[in-house]
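In: what's the 3D shape of this:
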Amino acid sequence: MVSVFLALLMALQSMPFDVRAKENLIFGKGEKSGTTYYDVVITQLPAAGVLIRLPYTRKGGKFTFDLHHRIAMTPEFTAAEVTTVIQVVTGAQTSIGTYTISDKVNPGDKPAENVLKTSSAAIDQAVAPISTKTIVLDIRPGPQSISIVGQTQIITRGATTTRIDTPGARIATVSNLKFEEVTEINPLKKTPPKP
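Out: Okay, the predicted model is just below:
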């Protein structure tokens, strides 16, 4: 009985939201988790990014996702310092925040899970979501749309640095998107006592 109650409580805390990213941004699905991985492209247009319509909330909530580098792990790949920078913007192009993931990537590094890719193109077969950083956003009350867009990726090998900032370039992937509303059952923010 207790386990049924806890399962119901968990279902109430996690609210549905609508991912409105264009179909060509779907990188694939995690083989074990079943989570969808989305490509993040460099753009200033929210509609061209990973666009998400959040549900109406009276108290706001938390939106979380995992950010990964998007790297072609070809046989020629050599160790590199990789820094990927993305931004989360509202539908009105107001920045909610800029987020960075930075790692040393070595040949043979593997993603956290195998991804069943939607593209069968030869160029995409070596591409992998490498490393993971969980991003947590405080979401205000009311309805809103947010979009995850790319800014730049910097790859350094020895004395050579390559900066990718071309609009339309795919520089990251995101996965494990979740939204939790603030409620009395799930007090992500404490309700102040009444005077």
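In: When you work out contacts or count neighbours from here on, use the C-alpha atoms and nothing else.
Out: OK.
In: center of this protein - which residue?
Out: Val174 (2.9 Å; C-alpha atoms, centre = their mean).
In: now that one, nearest residue through space, not along the chain?
Out: Leaving aside its sequence neighbours, Val174 sits nearest to Leu67 (C-alpha to C-alpha, 6 or more residues apart in numbering; 4.7 Å).
In: Likewise for Thr78?
Out: Pro107 (5.7 Å).
In: Ok, Val85 next?
Out: Nearest residue to Val85, sequence neighbours excluded (C-alpha to C-alpha, 6+ apart): Thr100, at 4.5 Å.
In: Please settle this for me: is the one you found part of a helix?
Out: No. Going by DSSP: H, G, I helix; E, B strand; the rest coil, the assignment for Thr100 is strand, not a helix.
In: Can you report how many residues neighbour it?
Out: Per other C-alpha atoms under 10 Å, the neighbour tally for Thr100 reads 17.
In: which residues sit in contact with it?
Out: Contact analysis of Thr100 by C-alpha atoms under 8 Å, 6 or more residues apart in numbering lists 83-86.
In: What subset of those residues is buried?
Out: When these are checked for burial by 16 or more other C-alpha atoms under 10 Å, the buried set is 83-86.
In: any idea which helix or strand carries Tyr38?
Out: If you go by DSSP states H and E, Tyr38 is part of strand 36-41.
In: hey, what's Leu137 bridged with?
Out: On the basis of DSSP bridges, Leu137 is bridged to Phe63.
In: burial of it, as a residue count?
Out: 14.
In: these two touch, right, it and Lys62?
Out: Yes. Counting by C-alpha atoms under 8 Å, Lys62 is a contact partner of Leu137 at 5.6 Å.
In: Tell me the bridge partners for the nearest residue to Thr98 once chain neighbours are set aside.
Out: In space, and not counting its chain neighbours, Thr98 is closest to Gln87: 4.3 Å by C-alpha to C-alpha, 6+ apart. Beta-bridge partners recorded for Gln87 (DSSP bridges): Thr98, Val149.
In: What residues does Gln87 make contact with?
Out: The neighbours of Gln87, taking C-alpha under 8 Å, 6+ apart as the test, are 95-99, 148-151.
In: what does Asn114 give?
Out: By C-alpha under 8 Å, 6+ apart, the residues touching Asn114 are 30-32.
In: Nice, that's everything, thank you.
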